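J.: how would this look folded up:
(one chain, ligands or ions: 3)
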Amino acid sequence: MLTLLKNLKIFTPYYIGKKDILIANGKIELIEDNLVVPFSKVLDLNGKIAVPGFIDAHVHIIGGGGEGGFQTRTPEITIEELVDSGITTVIGCLGTDDVTRSMEDLYAKSKQLDELGITSFIYTGSYSVPVKTIMGDIKKDLVLIDKVIGVGEIAISDHRSSQPTLEEIKRIVAQARVGGLISKKAGVVNFHVGNGKNGIDYLFEIAENTEIPIYHMYPTHVGRSKELFHRAIEFAKKGGFIDLTASESVVDYLEISINEGIIDNLTMTSDGHGSLPKFDENGRLIKLDVASTTVLFESVKKAVERGLKFEEVIKTITINPAKVLKLNSKGRIEKETDGDIVVLDENLKIEKVIARGKLLKEVQS
Ligand SMILES: CC(C)C[C@H](NC(=O)C[C@H](N)C(=O)O)C(=O)O
Ligand SMILES: [Zn+2]
Ligand SMILES: [Zn+2]
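T.: Ligands and ions are numbered 1, 2, ... in the order given. I've put the predicted structure just below:
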């Protein structure tokens, strides 16, 4: 199947001007001027913007929630919601409730999303320590289950965590690293960071006092407070990757990240279909909303309205997550990468979403 996309203003995420893209068997084959390819399906995009398909590296694809009892369980995600948000690669995870939510269900949902045309992977585990794996062992899950690319979301500094010790966390990161080496996967541990006073101290401890490379530790929700964010900037300056949940007001943090020179170590994720609970100072639930994946690109648009450079901000949901998760065929518009492309109009409205060369969404302009 040959698809020829004509006249696109291409952000690889770096702007390379107006060119044509040939996609063959789901992979980007050529990126050149004035391509003519016989027997190809031609789409003339007359000057629209093309960016790499978005990577959302933290989504509760089978739903989550439950922190306010059964009525607060959140629903599983649909392929339509992901595609409408421009997401062509998604990493699924469990959260607080790993009693009624299972890794088997997460795995099956990930396979469903692949069958429906996008690309998905999963983290093994949930908030809890010991880690709730599929095969009873972190390394086994990484080495023997193709969809598993890391561990998460392991809760630290949070009243809902298992109160893990530093030794327990060290062991989890160590197993993720070796499992990742053997399986040639990222082997990252995605840490859910709460607003507890110890923040990401454990992660600095491990980076400074063990042989484990810092890039195996990938903390999320780092925008939860200003002090946590400033610790996260220090972590990024040491070579770590940090993740902002886009449901919070992230534009300030994006601006600071660009000014601090760490935007290349920053990703944004939606926490889609995870719960967004609010607790009072006594740990009582006040309210609970459900996160949506639309915040991912909405945050990019808000940042551009603030005057931040599009090329800089778009990296946080394309090439940056591809780097930390070692998804080498994702996150860029380059030869041999997957044909995952989002087409935008001049107002950054999502017009088309192409995943592995297939047109999954098209809105009439
Ligand atoms: C970043 C904040 C706003 C939301 C965050 N969400 C989760 O961690 C997922 C949720 N607990 C679930 O299991 O569905 C939180 O609860 O702190
Ligand atoms: Zn979380
Ligand atoms: Zn989450």
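J.: A strand includes Asp56, no?
T.: Yes. Counting by DSSP: H, G, I helix; E, B strand; the rest coil, Asp56 is part of a strand.
J.: pull the contacting residues for it.
T.: Neighbour list for Asp56: 82, 85, 87, 89-91, 269-270, 272, 293, 296, 317, 321 [criterion: Cβ atoms under 8 Å, 6 or more residues apart in numbering]. Using the backbone N, CA and C atoms, a C-beta is placed for each residue, glycine as well.
J.: neighbours of the closest residue to Phe39 other than its chain neighbours, just the number please.
T.: Among residues not flanking Phe39 along the chain, Leu2 sits closest, at 6.3 Å (Cβ to Cβ, 6 or more residues apart in numbering). Applying other Cβ atoms under 10 Å, we find 15 residues neighbouring Leu2.
J.: what's opposite the residue in the chain that ligand 2 sits nearest to in the beta bridge?
T.: In the chain, the residue that lies nearest ligand 2 is His192 (3.5 Å; Cβ to the ion). Beta-bridge pairing of His192 under DSSP bridges involves Ala155, Thr220.
J.: next, the most far-flung residue of the chain relative to its centre: secondary structure please.
T.: The C-alpha centroid of the chain is most remote from Pro38, which lies 37.0 Å away (Cα atoms, centre = their mean). Under the three-state scheme (three-state DSSP), Pro38 adopts coil.
J.: ligand 1 versus that one, what's the distance?
T.: 50 Å (Cβ to the nearest ligand atom, to the nearest Å).
J.: any idea of the pLDDT on that residue?
T.: pLDDT, the model's per-residue confidence, is 95 for Pro38.
J.: give the contact list for it.
T.: No contacts exist for Pro38 under Cβ under 8 Å, 6+ apart.
J.: so it versus ligand 3, what's the distance?
T.: Separation of Pro38 from ligand 3 (Cβ to the ion, to the nearest Å): 48 Å.
J.: ok, that residue to Leu4 distance?
T.: According to Cβ to Cβ, to the nearest Å, Pro38 stands 10 Å off from Leu4.
J.: tell me the phi and psi of Val251?
T.: The phi and psi values for Val251, taken as degrees, to the nearest 10, are phi -60, psi -40.
J.: wait, it sits on Arg306?
T.: Yes. Val251 sits in contact with Arg306 when judged by Cβ atoms under 8 Å, with a separation of 5.2 Å.
J.: those two: who's more crowded?
T.: Taking neighbours as other Cβ under 10 Å, Val251 and Arg306 compare with Val251 leading, 18 against 12.
J.: quick one, what contacts that one?
T.: Val251 neighbours (Cβ under 8 Å, 6+ apart): Ser299, Lys302, Ala303, Arg306, Leu308.
J.: pretty sure the last one is touching Ile258, no?
T.: Translated: Leu308. Yes. Leu308 sits in contact with Ile258 when judged by Cβ under 8 Å, with a separation of 6.3 Å.
J.: check which helices and strands the lengthiest helix in the chain is in contact with.
T.: In the chain, ranked by residue count with DSSP state H as the criterion, the top helix is helix 166-183. Contact partners of helix 166-183 among helices and strands, from 3 or more Cβ pairs under 8 Å, 6 or more residues apart in numbering; DSSP states H and E: helix 138-144, strand 148-156, strand 188-193, helix 201-209.
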